[in-house]
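Visitor: Okay, here's the prediction I keep looking at, along with the sequence it came from:
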Amino acid sequence: MKKPATPSSFEQALAELEAVVTALEQGEMTLEDSLTAFERGINLSRVCQQTLAAAEQRVRILTDPRPGAEPEPFEPHDSD
């Protein structure tokens, strides 16, 4: 089975996650389809959490009150 592509932006991941949650809440999928959708939702949730953590760190770096503090590149770790 082909692994779904990772969304290219936070907004796309969040929109897809919301669609997955809505589909699961409707309760009209088979058990196997529900499990597949749930797994996709967990993966999308992780993508969103990692993106938000990276953004939070960037904000902390940019608002660092120390004199001469320089922003540092941030490379989020990939859990895949």
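Guide: Here it is on my side, so go on. Numbers count the residues shown, from 1 in each chain.
Visitor: so where's the longest helix in this structure?
Guide: In the chain, with assignment by DSSP state H, the single longest helix is helix 31-62.
Visitor: Need the residue in the protein that's farthest from the chain's center.
Guide: residue 67 (33.3 Å; Cα atoms, centre = their mean).
Visitor: Please report how far that residue lies from residue 12.
Guide: 39 Å (Cβ to Cβ, to the nearest Å). Heads up, the C-betas are built off the backbone N, CA and C, glycines and all.
Visitor: One more: residue 18?
Guide: The spacing between residue 18 and residue 12, counted by Cβ to Cβ, is 11 Å.
Visitor: With residue 59 instead?
Guide: Distance from residue 59 to residue 12, by Cβ to Cβ: 21 Å.
Visitor: Neighbour count: these two, which is higher?
Guide: residue 12 (14 against 10; other Cβ atoms under 10 Å).
Visitor: Contact partners for the more buried one?
Guide: Contacts for residue 12 (Cβ atoms under 8 Å, 6 or more residues apart in numbering) come out as none.
Visitor: And it, how far from residue 23?
Guide: From residue 12 to residue 23 the distance is 17 Å (Cβ to Cβ).
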